[in-house]
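Visitor: here is my input, please return the structure:
(2 chains)
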Amino acid sequence: MKKTAKFFVLISVFIVTTVSSPHTASAIMVDQMVPYCPEASPKRILAGETYSQKFISETNEFGIVAVKFTNYLDISDDSLVFRIKEKNSKDWYFEYTYKVDQMQNDKFFTFGIPPITNALGKEYVFELESLSGKPDNSIGVYICKENEDILFKLAQGMPAQKQLLKDVVFKIRSDTGFASFLTILIGLVIALITKK
Amino acid sequence: MKKLTTKKIFLLGILIRLLIMPFFAHDDIFAEHRRAERIVCQGVNPLSYSSWGVRLLESGFTTLFTPFVSCDNLAQIQKSNTDIDNLNRMLFFFKLPYLLFEVGYWWLMYRLFQNKNQEKKKILVLFLALNPVIIYSVYMFGRFESYNLFLSALILFLLSRYDKSLQKKFIFLSTFVLAIILIIRFSYLLLIPAFIMSFGVATFPGALFILSFIVSFLVLKLPSMLFATQSTIFPEAAGIASGAHQNYVYHAGVSSAQHTIYIFFLLFSVIFVWWLQNESKLNKFSAQTKLALFSAATLLSFYATTYFHPQYFTWIMPFFAVLMVNDKTKFLWKSFWYLLPFYFIYILSWGNAAAFALASPISVVFNHIEPSWFLPILELDKWVNIARTFLTGFCLYWIYFLLKNYEKNS
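Guide: Residues are numbered from 1 along each chain as shown, chains lettered A, B, ... in the order given. Next up, the predicted model:
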């Protein structure tokens, strides 16, 4: 009885925390500002260097800025400060330091920010600053060629549930042999557990 | 849970692992297998890498599984860790050796305590099969810690044979296994003082340990000394000396005039002095129990005072299991479960890459879930620091509890 009560308390805490979160699952995949620059090549950010980029919001509300990084297939100890504000604003709207070992090779890293509303057509600027990047111990950010602005486009992702279903179906279809093998293996183990 | 037999709990553990293996990954498992791909498919010399033991193991298993994951398929991980054909199949075979070694670890640990009563055995089996730290670190994060777990259990097993027979060959064999662990995970160097404290310094077993350790380690290091292309024959030692990525024992310190008092060494020195005071009294305990005690105390000092990666917390598990089964109060068993929420908040220090993004082999959706959404009120780094502080508190109290209990019972 005592154990059951503890279990329910824990589950309740989890549900309350999850439900009270302003980010519902369906909001996860919408409104990403994605840098768009097909010819981009990565450049290392070294200690003290700041990489800054302006963009005009094409959506009325956004909560994520995605930037493509490369870790050069190595793990770096550096940290990056990400900050964002409306171009003419004096203060930064949001600032946070990220360890770069979170950023994966040739993947977009999504900087989650408190949602910005009434953003349509307004100009924003974000900065990335390296705290301790060295030539052999730093992360690379994909930037456009000199004097060429990165274009930001709004990627209106599909709702999370739909995307999840699509990905799972695709994975099962693309390797049916393994899916069948795993199903049989798991079935066998379950049969052994439930056997009297 | 009462109705589940030992066998069924182990099977449940296997089931959970099978369900996780193909669907979770951190970049580290790809980094590890990029090296394996270079060795197996491109002919790179495994001895050219530091910690060549793990490179050899991973490339050996990669060769074994080439009928299921071809070199052409493997080559894709050199360019990306998302746009890969048969990604889930690949992850399954990457982790299959981890499961096999972990089952070996379970078998050895269970054999150690097969004469204990049913309740103790049930606790042990639950701790082994359903350990969330191991499930997370090995099968979700995807690190190769199963190899170390198996070898640590093998050392404990060999020492139990030594305790029964007093045959010196078991000291040599356990020392040789320690040397093997070092070429897999050099950080186990931390445990050498624990071995010395277990055998004693001015004793025959102690001298035999030191001598056989030096010989074993040099023998195992010899191939990489002869064939390695590295500039240094002890790259791991060079890394530790320079305070590089793998070394965190110098991170926490208190400034005192011109010097720094390192907290880890401060805590370890207290354990060492406690051992000096109680050495003769501790002789009533078996070498296996003493090794578990000193290894756990050393690792707890490490976790309490340094920056450590999530998977490092698995290293203590075999030693903790021995102490937990011997603990009549069941305090260690109970408090372990209370520690877990703090451990899992602490690992958010690595952001989403160590949390929801681990499930990105299922769907890209998981790359976009921020852990901070689920931890309201405070900023994420405050939550992490609070959890980190609790972790330190638990570790310090456990050290106190262990030393006090073993002193009382000696």
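
Visitor: measure residue B:366 to residue B:360 for me?
Guide: Note on residue B:366: its distance to residue B:360, by CB to CB, to the nearest Å, is 5 Å. The C-beta positions use only the backbone N, C-alpha and C, and glycine is treated the same way.

Visitor: all strands for the chain, in order.
Guide: All of this refers to chain A. Assigned by DSSP state E, chain A shows strands spanning A:32-36, A:41-44, A:50-56, A:62-70, A:79-86, A:94-99, A:107-116, A:123-130, A:140-143, A:151-155.

Visitor: ah, no, chain B please
Guide: B:253-256, B:259-262.

Visitor: who touches the first one?
Guide: Read it as strand B:253-256. B:260, B:261, B:262, B:263 (CB atoms under 8 Å, 6 or more residues apart in numbering or on different chains).

Visitor: which of those residues has the weakest pLDDT?
Guide: The lowest pLDDT within the contacts of strand B:253-256 belongs to residue B:260, with 84.

Visitor: if we can go back for a sec, who's more crowded, residue B:366 and residue B:360?
Guide: residue B:360 (24 against 21; other CB atoms under 10 Å in any protein chain shown).

Visitor: my guess is the more buried one contacts residue B:25. True?
Guide: Yes. Using CB atoms under 8 Å, residue B:360 is in contact with residue B:25, at 7.5 Å.

Visitor: just the buried residues of the contacts of strand B:253-256.
Guide: Buried residues within the contacts of strand B:253-256, counting neighbours by 16 or more other CB atoms under 10 Å in any protein chain shown: B:262, B:263.

Visitor: could I get the contacts of strand B:253-256 as TSV with distance to residue B:297?
Guide: Formatted as TSV, the contacts of strand B:253-256 follow (distance: CB to CB, whole Å):
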residue	distance to residue B:297
B:260	23
B:261	19
B:262	17
B:263	15
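
Visitor: nearest to residue B:49, of the contacts of strand B:253-256?
Guide: Among the contacts of strand B:253-256, residue B:262 lies closest to residue B:49 (CB to CB), at 29.5 Å.

Visitor: count the neighbours of the nearest residue to the closest one once chain neighbours are set aside for me.
Guide: Of all residues not flanking residue B:262 in the chain, residue B:253 sits nearest, at 4.8 Å (CB to CB, 6 or more residues apart in numbering or on different chains). Applying other CB under 10 Å, we find 16 other residues in the vicinity of residue B:253.

Visitor: how much space between residue B:253 and residue B:172?
Guide: Distance from residue B:253 to residue B:172, by CB to CB: 38 Å.

Visitor: nearest to chain B, out of the strands of chain A?
Guide: strand A:107-116 (4.2 Å; CB to the nearest CB).

Visitor: pretty sure residue B:402 is touching residue B:322, no?
Guide: No. Under the criterion of CB under 8 Å, residue B:402 makes no contact with residue B:322, lying 11.2 Å away.

Visitor: which one of those two has more residues nearby?
Guide: residue B:322 (24 against 21).

Visitor: now do the contacts for that one.
Guide: Residues in contact with residue B:322, defined by CB under 8 Å, 6+ apart, are B:112, B:156, B:288, B:289, B:292.

Visitor: just put those residues in JSON lines and tack on distance to residue B:393, neighbour count and pLDDT.
Guide: Shown next, in JSON lines, are these (distance: CB to CB, whole Å; neighbours: other CB atoms under 10 Å in any protein chain shown; pLDDT from 0 to 100):
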{"residue": "B:112", "distance to residue B:393": "30", "neighbour count": "20", "pLDDT": "92"}
{"residue": "B:156", "distance to residue B:393": "28", "neighbour count": "24", "pLDDT": "95"}
{"residue": "B:288", "distance to residue B:393": "29", "neighbour count": "23", "pLDDT": "92"}
{"residue": "B:289", "distance to residue B:393": "25", "neighbour count": "21", "pLDDT": "94"}
{"residue": "B:292", "distance to residue B:393": "22", "neighbour count": "29", "pLDDT": "95"}
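
Visitor: done for today, thanks.
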